[in-house]
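Chemist: Pasting a predicted model and its sequence here:
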Protein chains: 2
Amino acid sequence: MNPAVERSLARIAEREPEVQAWQVVDANARGDGIPIGVKDLIDTADLPTSCGSPIYRGHRPSRDAACVAALKRAGQVILGKTVTTEFAVYSPGKTRNPRDAKRTPGGSSSGSAAAVADGMVPAALGTQTAASIVRPASFCGCIGWKPTYGTFSMEGIHPLAPSLDTLGFFVRDLDLVSPLYAALSGKPLPPASLKPRIALCRTETWEKAEPSTRDAIERFARPYPEVELSAGLVDAQIAIMGAEAAISLGSQPQAELSAKLRAFLDAGRAVAPGQLQVAHERAQRGRREIDAIFETYDALITIAASGEAPIGLESTGDPLYSRIWSLLGTPCASLPLLKGPAGLPLGVQVVGPRGRDDVLLAAARSLMS
Amino acid sequence: MNPAVERSLARIAEREPEVQAWQVVDANARGDGIPIGVKDLIDTADLPTSCGSPIYRGHRPSRDAACVAALKRAGQVILGKTVTTEFAVYSPGKTRNPRDAKRTPGGSSSGSAAAVADGMVPAALGTQTAASIVRPASFCGCIGWKPTYGTFSMEGIHPLAPSLDTLGFFVRDLDLVSPLYAALSGKPLPPASLKPRIALCRTETWEKAEPSTRDAIERFARPYPEVELSAGLVDAQIAIMGAEAAISLGSQPQAELSAKLRAFLDAGRAVAPGQLQVAHERAQRGRREIDAIFETYDALITIAASGEAPIGLESTGDPLYSRIWSLLGTPCASLPLLKGPAGLPLGVQVVGPRGRDDVLLAAARSLMS
């Protein structure tokens, strides 16, 4: 057996009873490539796909999603399906934070973040619509990578808010970013060689984060200048996400959705058409503004999550700190560079120019070196 | 057997050898509802789903798309799958125009339009990204209905350009619009009772249409005032559609795509990020402009297609005349109200305010009465 697969299976056998990152593990997985976990929102022909909902319990897609097929063609090994919150929204699955089982791993890509951070697999696929890659990466202590919006095909992934939904991944080692990017996009990610010009961007969310997090990010960003981004983007993201989710999930049998999800969809249905138009215009102005900022800088540093993973498993934490970047479509990553007051991981979110994941990678390398 | 299903099967038996609208017919279809054709881009658990591509030949999805499940819950009968062009882009399927087998039925929802126009089924599902409902409806001579963008769930429908892709349908009778809308959206379409204020909107595409079509639309619109819509929307739609399609179809094995589709995807890959940003901004300005126009008017009349269905089956005709409305997200319909010089159908495209399919329906009723 491929020693990497063997190591993964051994680690899962040891740790899964506590972490509960997996919906299903393929103990017969074969191949010479990297063992990869796949968020259980993504279709796999060989393994069931539950979308974190009883509605899809035992559902067996007849085809692999485009991303799964692409990974297989690149020789990688699909080791199993990782736990997602219900349809990638708020209601948590069973997964616990691998650093402290009393705490949430974050969501919605809970199992993928936990499995990678815990050493069960070197890489796992996740998706982000608000903060579903960056926040669990920050909470669990691994790298979470959300590429530029529209980089990888979303075919075969249950839609939530199509104008925001982005496929990405979790890794522990930045060296895996390029091969995964190339396999999933069909395009190489050429190594950008630059001394990145970095700035701090507090954004409209700054005051809501825990004081210890603001202090830690300020200390980390002390060498860098600061840039401002106008407010209003969070509300725009919330309106667009809610309105689109109400359509995407509106035809599911509503009685089989959790009360939390039903309330979220009701809020989405209440977004008026005029409000949605204003939100889209706000987003376009924001994209223009961020493009201009990236004429001067290569990467921005900002908060990844309010603080360490909160205690309790009934919520996956606040997605506030990534809504802006999900809306703008910029590539962003959470890098496991800091610790919080309890000694648990705290990510640094780094944001790059749209379409320039190579520049973001160069900046991430420089920050992690 | 349900007499409606019986009538459908008899008509298909008689006409299918000439029209070739169907990928597969379910001769065992049962139920008391309306027999409905489903574009073969849309997942069905009971019938294969080929997406018009050899890559998906014999593909058997394990779940119904959200729209198919919703129709079944509403008691309707899925009679079979109708021919689509390759992945809903340009390469035609086998279908012929039911009014003249030497002519194209239009595309990409070729089989759905032909089947409804020919009386094989009272209704069929289609999708539109550029003009894939309005143009075949005009060419075949039935009603094509594209609702407001984002009205029905796209889950289980192969994506082409997600920010434009819209599920809609073909019918011969406007009375079917409300029940289909209600079944697919889960919301009633309350009857708007108004004397619609209608205007002619030539748009930037006007001069490209055949002179006989311009004359016919002008004559038809003689009672109505005229409004102007700024130019630039066609190019914006082309850029967005191309760039998004290059992602959606980029992970398909490229060697198994037609040369026509590969060239289309290459053009999409060549859209620069800055160009895409400009296109999205142009679209938002256009949406604001059209919203303002609809403060004064309830519906606009415009060209549905350059002319009658062209002779030849190697192309499905020019999608130019619906690109603007697909981009703006307005509901629109092609109404079979005119004839061209050869005595073949020519649709009148009528466009309504975003989110107000009820107003469009009232306008369509008034124009068809």
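Modeler: Good, I have the coordinates. Remember, predicted model here, so these are calculated numbers, not experimental data.
Chemist: Spell out which parts of the stretch 201-350 of chain A neighbour chain B.
Modeler: A:243-244, A:247-252, A:273-274, A:277, A:280-281, A:284, A:287-288, A:291 (C-beta under 8 Å from any C-beta of the partner chain). For every residue, glycine as well, the C-beta is placed using N, CA and C.
Chemist: run the last query once more with 7 Å
Modeler: A:244, A:247-248, A:250-251, A:273, A:277, A:280-281, A:284, A:287-288, A:291 (C-beta under 7 Å from any C-beta of the partner chain).
Chemist: Go through the residues you listed and name the one nearest residue B:37.
Modeler: Nearest to residue B:37 among those: residue A:251, at 19.4 Å, using C-beta to C-beta.
Chemist: Can you report how many residues lie near that closest one?
Modeler: By other C-beta atoms under 10 Å in any protein chain shown, the residues close to residue A:251 number 22.
Chemist: Next: the one 10 residues further on.
Modeler: Residue A:261: 22 surrounding residues under other C-beta under 10 Å.
Chemist: Ok, residue A:264 next?
Modeler: 21.
Chemist: Name all residues that make contact with the nearest residue to it once chain neighbours are set aside.
Modeler: In this structure, residue A:264 finds its nearest non-sequential neighbour in residue A:89, 5.8 Å apart by C-beta to C-beta, 6 or more residues apart in numbering or on different chains. Neighbour list for residue A:89: A:108, A:160, A:261, A:264 [criterion: C-beta atoms under 7 Å, 6 or more residues apart in numbering or on different chains].
Chemist: contact partners of the helix or strand containing the last one?
Modeler: For residue A:264, the host element (DSSP states H and E) is helix A:259-269. The list of residues contacting helix A:259-269 from outside it, by C-beta under 7 Å, 6+ apart, reads A:86-87, A:89-91, A:242-243, A:245-246, A:249-250, A:254.
Chemist: After that helix, which helix or strand is next? Please name it.
Modeler: helix A:273-296.
Chemist: residues of that following helix that come out buried?
Modeler: If you call a residue buried by 16 or more other C-beta atoms under 10 Å in any protein chain shown, then helix A:273-296 has these buried ones: A:273, A:275-287, A:289-291, A:293-294.
Chemist: Equivalent analysis for stretch A:246-253, please.
Modeler: Neighbour-count burial for stretch A:246-253 [16+ other C-beta under 10 Å]: A:246-252.
Chemist: which of those residues lies closest to chain B?
Modeler: Within the buried residues of stretch A:246-253, the smallest distance to chain B is 4.1 Å, found for residue A:251 (C-beta to the nearest C-beta).
Chemist: Flag the shaky bits of the stretch 251-369 of chain A, pLDDT-wise.
Modeler: Across the stretch 251-369 of chain A, no stretch falls below the confidence threshold (pLDDT under 70).
Chemist: next one: the stretch 101-250 of chain A
Modeler: In the stretch 101-250 of chain A (pLDDT under 70), no residue qualifies.
Chemist: Double-check that residue A:359 belongs to a helix.
Modeler: Yes: residue state for residue A:359 (DSSP: H, G, I helix; E, B strand; the rest coil) corresponds to a helix.
Chemist: I'd like the distance between it and chain B.
Modeler: According to C-beta to the nearest C-beta, to the nearest Å, residue A:359 stands 12 Å off from chain B.
Chemist: Compute the number of surrounding residues for that residue.
Modeler: Residue A:359 has 19 nearby residues by other C-beta under 10 Å.
Chemist: quick one: it and residue A:294 touch, right?
Modeler: No: judged on C-beta atoms under 7 Å, residue A:359 makes no contact with residue A:294 at a distance of 8.4 Å.
Chemist: joint contacts of the two?
Modeler: Shared contacts of residue A:359 and residue A:294, counting by C-beta under 7 Å, 6+ apart, come down to residue A:353.
Chemist: Let me see the ranges of the helices in the stretch 51-200 of chain A.
Modeler: For the stretch 51-200 of chain A, the helices defined by DSSP state H, counting those that start in this stretch occupy A:66-73, A:110-117, A:134-140, A:177-185.
Chemist: surely residue A:241 meets residue A:132?
Modeler: No: at 11.1 Å, residue A:241 does not count as touching residue A:132 under the criterion of C-beta under 7 Å.
Chemist: surely residue A:132 meets residue A:88?
Modeler: Yes: with contact defined as C-beta under 7 Å, residue A:132 reaches residue A:88; the gap is 6.1 Å.
Chemist: Find residues that contact each of those two.
Modeler: residue A:108.
Chemist: So if I had to pick from these two, which one is more boxed in?
Modeler: Neighbour count, other C-beta under 10 Å: between residue A:132 and residue A:88, residue A:132 has more, with 34 against 29.
Chemist: Now do the contacts for the residue in the stretch 1-150 of chain A positioned nearest to chain B.
Modeler: When distances are taken as C-beta to the nearest C-beta, the stretch 1-150 of chain A reaches nearest to chain B at residue A:66, 4.1 Å away. Going by C-beta under 7 Å, 6+ apart, residue A:66 touches A:153, A:155-156, B:251.
Chemist: Show me which residues of the stretch 1-150 of chain A sit near chain B.
Modeler: A:59-63, A:66, A:69-70, A:150.
Chemist: Can you tell me which of the residues you listed has the most neighbours?
Modeler: residue A:66 (25 neighbours).
Chemist: per-domain residue ranges of chain A.
Modeler: A:3-185, A:198-334+A:348-368 (automatic domain parsing).
Chemist: what's the most buried one of those domains?
Modeler: Among these, the stretch with the highest mean neighbour count (mean count of other C-beta atoms under 10 Å in any protein chain shown) is domain A:3-185, at a mean of 24.
Chemist: With distance to residue A:181 added, can I get the residues of the stretch 1-150 of chain A next to chain B in JSON lines?
Modeler: Converted to JSON lines, these look like this (distance: C-beta to C-beta, whole Å):
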{"residue": "A:59", "distance to residue A:181": "29"}
{"residue": "A:60", "distance to residue A:181": "29"}
{"residue": "A:61", "distance to residue A:181": "24"}
{"residue": "A:62", "distance to residue A:181": "28"}
{"residue": "A:63", "distance to residue A:181": "23"}
{"residue": "A:66", "distance to residue A:181": "15"}
{"residue": "A:69", "distance to residue A:181": "16"}
{"residue": "A:70", "distance to residue A:181": "11"}
{"residue": "A:150", "distance to residue A:181": "13"}
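Chemist: Looking at the residues you listed, which one is closest to residue A:7?
Modeler: Closest approach to residue A:7 among the residues of the stretch 1-150 of chain A next to chain B (C-beta to C-beta): residue A:70, at 23.9 Å.
Chemist: Could you report the pLDDT at that closest one?
Modeler: We have a pLDDT of 95 for residue A:70.
Chemist: Please verify my assumption that it contacts residue A:183.
Modeler: Yes: using C-beta under 7 Å, residue A:70 makes contact with residue A:183 at a distance of 5.5 Å.
Chemist: How about the contacts made by residue A:42?
Modeler: A:49, A:65, A:67-68, A:125, A:156-157.
Chemist: circling back: from the buried residues of stretch A:246-253, which single one is nearest residue A:208?
Modeler: Among the buried residues of stretch A:246-253, and counting by C-beta to C-beta, the member closest to residue A:208 is residue A:246, at 25.5 Å.
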